[in-house]
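No sequence on hand, only this structure:
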Ligand SMILES: Nc1ncnc2c1ncn2[C@@H]1O[C@H](COP(=O)(O)OP(=O)(O)OP(=O)(O)O)[C@@H](O)[C@H]1O
């Protein structure tokens with residue numbers, strides 16, 4: 001069996017009366033990118049802040065490389081790099097000065113600091129801006145500095161909270177490539193509320209809703225869960241919903257008004273052909289047939305229902 005990099009046991013937290021997260025369990029044993037997907041307020045930042053030792057959990061345990069974050073926080077934190085949602089940048093320092101400050105906070109050996117700064121600046125592609133004040137960098141480059149401070153002490157475990165938030169499309173692609181690179185040699189957990197982000201980056205996913213894990217598995221397993229299962233069709237002859245329900249593979253048909261129907265089905269490829277064929281046979285005069293994409297909210301609702 002592979003060694004445990006991160007283990008989270010029965011993690012629950014409440015800020016005041018209500019539980020923000022409830023009974024979260026997982027174990028990470030491999031390098032790669034793990035995605036934590038949840039809508040705003042689902043509990044992502046709470047989990048990230050706890051597993052990085054920023055806030056102390058109400059209940060449960062977190063182990064990093066087998067070290068208890070509760071009992072030996074300094075030792076455990078040597079293995080952790082964290083980029084919070086608001087990068088902790090000191091914008092009046094130059095990139096190099098700031099990274100030196102971060103290396104000192106991380107209690108790195110004085111002789112190791114300069115080589116580590118040079119290595120990390122090269123890794124994230126900011127060597128040419130080493131003497132520039134951080135406040136004069138673009139958002140994308142500031143985010144690179146944020147990632148640099150998270151990995152300067154060579155942690156095995158890196159947590160990135162919404163790392164592409166607020167970036168433009170080009171910067172998003174660049175930061176995603178950088179995340180892929182840093183995940184080649186370590187375990188990365190990243191949180192996001194953007195479905196495409198986990199689909200673009202992650203090997204494994206947890207989805208959380210209202211503080212509970214409603215899905216955990218591989219990207220393929222996740223994609224199977226979120227396959228669209230409704231079609232909208234427009235039929236000029238407006239048949240009865242019962243006539244549509246009689247088509248094999250159609251689970252339900254709702255009249256949306258006018259000539260339009262929403263059809264729930266069990267298998268997209270076959271049912272589309274059957275609807276087209278039935279329309280020809282019955283002269284329903286098909287004008288439109290569209291697969292409906294599930295919104296993230298629908299997926300959360302579906303997965304939450306399945307879990308209950
Ligand atoms: N410091 C706090 N005090 C009280 N309640 C809090 C605090 N921080 C978060 N919460 C509550 O805990 C719940 C989970 O919040 P959390 O910030 O972890 O969610 P999130 O998934 O990270 O959302 P977002 O993407 O909006 O940051 C929410 O109901 C939130 O209002």
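Arrived safely, thanks for sending. As the structure is a prediction and not an experimental result, all values here were calculated from the model.

Give me the nearest residue to residue 154, chain neighbours excluded.
residue 116 (7.4 Å; Cβ to Cβ, 6 or more residues apart in numbering). Every residue, glycine included, has its C-beta placed from N, CA and C.

Enumerate the positions of stretch 182-195 that are buried.
182, 183, 186, 187, 188, 189, 190, 191, 192, 193, 195 (16 or more other Cβ atoms under 10 Å).

Can you tell me how far the fourth one is from residue 65?
What that stands for is residue 187. Distance of residue 187 to residue 65, computed by Cβ to Cβ, to the nearest Å: 10 Å.

The last one too?
Applying Cβ to Cβ, the value for residue 195 to residue 65 is 31 Å.

next one: the first one
For residue 182, the distance to residue 65 under the criterion Cβ to Cβ works out to 18 Å.

now do residue 215
27 Å.

out of these two, which sits in the more crowded spot?
residue 215 (21 against 17; other Cβ atoms under 10 Å).

Is the more buried one bridged to anything, and to what?
Beta-bridge pairing for residue 215 (DSSP bridges): residue 207.

Okay, it and the ligand: tell me how far apart.
From residue 215 over to the ligand the distance is 15 Å, taken as Cβ to the nearest ligand atom, to the nearest Å.

Could you do residue 51 as well?
12 Å.

OK, contacts around the residue nearest to residue 249 when sequence neighbours are not counted?
Setting aside the residues directly before and after it, residue 249 is nearest to residue 271 in space (Cβ to Cβ, 6+ apart), at 3.9 Å. With contacts defined as Cβ atoms under 8 Å, 6 or more residues apart in numbering, the neighbours of residue 271 are 231, 247, 248, 249, 250, 263, 265.

in which helix or strand would I find residue 272?
helix 268-282 (DSSP states H and E).

and that helix, which residues are buried?
271, 272, 274, 275, 278, 279.

Equivalent analysis for stretch 67-80, please.
In stretch 67-80, counting by 16+ other Cβ under 10 Å, buried: 67, 69, 76, 77, 78, 79, 80.

Lowest-confidence entry in the buried residues of stretch 182-195?
Within the buried residues of stretch 182-195, residue 195 has the lowest pLDDT, namely 80.

So what does it have for phi and psi?
phi -60, psi -40 (degrees, to the nearest 10).

Low-confidence bits of the stretch 151-300 of the chain, can you list those?
225-228, 268-269, 293-298, 300 (pLDDT under 70).

run the last query once more with 80
For the stretch 151-300 of the chain, the stretches with pLDDT under 80 are 220, 222-229, 266-269, 292-300.

For the ligand, what's its nearest residue on it.
Across the stretch 151-300 of the chain, no residue is closer to the ligand than residue 193, which sits at 5.6 Å (Cβ to the nearest ligand atom).

hang on, that residue packs against residue 41?
No - here residue 193 does not reach residue 41: they are 9.6 Å apart, not a contact under Cβ atoms under 8 Å.

Write out the residues of the stretch 151-300 of the chain neighbouring the ligand.
residue 193 (Cβ under 6 Å from any ligand atom).

could you pull out the strands for the stretch 151-300 of the chain?
157-161, 187-192, 204-209, 212-218, 230-235, 250-257, 260-265, 286-292 (DSSP state E, counting those that start in this stretch).

So for residue 241, which of the ones you listed sits nearest?
In terms of Cβ to Cβ, the element of those nearest to residue 241 is strand 250-257, at 4.2 Å.

and the closest residue to residue 166 other than its chain neighbours, backbone torsions?
Distance criterion Cβ to Cβ, 6+ apart; nearest residue to residue 166, sequence neighbours excluded, is residue 139 at 6.1 Å. The phi and psi values for residue 139, taken as degrees, to the nearest 10, are phi -60, psi -40.

mind listing what residue 139 touches?
166, 167, 168, 171 are the contacts of residue 139 under Cβ under 8 Å, 6+ apart.

And for stretch 107-127, what's in contact with it?
For stretch 107-127, using Cβ under 8 Å, 6+ apart, the contacting residues are 74, 78, 95-96, 99-100, 103-104, 130, 141, 144-145, 147-148, 151-154, 178, 181-182.
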